[in-house]
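A.B. asks: Quick one, what's the 3D model for this:
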Amino acid sequence: MLNHIHPEAVLFIDIETVPQAASFNELDEEYQQLWIEKSRFFREKDSIDIPESYFQAGIYAEFGKVICVSAGYLSQRAGSRIFRCTSFFGDDEKELLTGFAGLLESHYNHPFRILCAHNGREFDLPYLSRRMLVNGIPLPRMLDLAGKKPWEIPHIDTMELWKFGDYKHYTSLKLLAKIMGIPTPKDDIDGSMVRQVYYEENDLNRIENYCRKDVLAVAQVFLKYRGEELLHEEEVVAA
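C.D. replies: Take a look at the predicted model:
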């Protein structure tokens, strides 16, 4: 599986997002009304009030923002595998997205380069594209999908591959890592805690560390799909 793809051509990514404001009450009146309309379905379904529902706003690109993008890639050094990972993170979304876009344009602006993420087609990649447009950042070639046919899109989704055509099947990265014998990437916080850690604890470094672990887990799943040996701790370095 995936044997037609050269591992060194793949950039593995993960993102962390939060609501644009710490709470619903901090939004202006127009944004509050827009959130009320956006959240109506799941609020009624789950019987939660409006302020509480806003804690989920970070998963929507119209109401959230990116606070971290971690990216990793495989390479060979003296005949040994090396996995290098770097992160773009901070309070200034435009600055970090500009940095990530620059990485894509300078090192991955090539037809044979590929982006890989877990649930990336549904979340990470469209979210990045939307927030880049909001911030006035030109879309890098790898995210500009307008007019492309499905087989021309340079993206791999490790969750989509696990579905094997079953469109109703959702499997978290944590579960997939567990069943494949990969050390769990979420041993500190999970996605539901990112808003709290960002707004209440002001600990971006903790979030970046969590995001970086997810990128490594995505790369490990990719290697597992290919039937290759998992990365060892000494093969993982900071870029």
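A.B. asks: in this protein, which helix has the most residues?
C.D. replies: helix 204-225 (DSSP state H).
A.B. asks: Go through the helix or strand following it and flag the buried ones.
C.D. replies: Next in sequence after helix 204-225, counting helices and strands by DSSP states H and E, comes strand 236-238. Across strand 236-238, burial judged by 16 or more other Cβ atoms under 10 Å covers Val236. Any C-beta I mention is one placed from the backbone N, CA and C, and that applies to glycine too.
A.B. asks: Can you tell me what sits against strand 236-238?
C.D. replies: 82-86, 216 (Cβ atoms under 8 Å, 6 or more residues apart in numbering).
A.B. asks: same deal with stretch 125-137?
C.D. replies: Contacts for stretch 125-137 (Cβ under 8 Å, 6+ apart): 15, 17, 61-62, 64-66, 69, 93-94, 97-98, 100-101, 115, 117, 138-139, 143-145, 155.
A.B. asks: Can you give me the buried ones in the longest helix of the chain?
C.D. replies: 204, 206-225.
A.B. asks: Mind checking which of the contacts of strand 236-238 land in strands?
C.D. replies: 82-86 (DSSP state E).
A.B. asks: Relative to His118, how far out is the residue of the chain positioned farthest from its centre?
C.D. replies: In the chain, the greatest distance from the average C-alpha position (Cα atoms, centre = their mean) is reached by Ala78, at 30.7 Å. To His118, Ala78 is 30 Å away according to Cβ to Cβ, to the nearest Å.
A.B. asks: Any idea how many residues pack against the residue nearest to Asn109 when sequence neighbours are not counted?
C.D. replies: The shortest distance from Asn109 to any non-neighbouring residue, by Cβ to Cβ, 6 or more residues apart in numbering, is to Arg141 (5.2 Å). Neighbour count of Arg141, defined by other Cβ atoms under 10 Å: 15.
A.B. asks: What separation do you get for Arg141 and Phe55?
C.D. replies: Taking Cβ to Cβ, one finds Arg141 at 35 Å from Phe55.
A.B. asks: Kindly report the same for Ala9.
C.D. replies: 38 Å.
A.B. asks: got it, and Leu204?
C.D. replies: The gap separating Leu204 from Phe55 is 19 Å, by Cβ to Cβ.
A.B. asks: Same check on Met193?
C.D. replies: Separation of Met193 from Phe55 (Cβ to Cβ): 11 Å.
A.B. asks: So the chain: which segments form each domain?
C.D. replies: 7-12+68-238, 21-62 (automatic domain parsing).
A.B. asks: which one of those domains is the most hemmed in?
C.D. replies: Among the domains of the chain, ranked by average contacts under mean count of other Cβ atoms under 10 Å, first place goes to domain 7-12+68-238 (a mean of 17).
A.B. asks: How far off centre is that one?
C.D. replies: Taking the mean of its C-alpha atoms, domain 7-12+68-238 sits 5 Å from the chain's own mean (Cα atoms, centre = their mean, to the nearest Å).
A.B. asks: Show me what the mean pLDDT comes to for that domain.
C.D. replies: Per-residue pLDDT values over domain 7-12+68-238 give a mean of 91.
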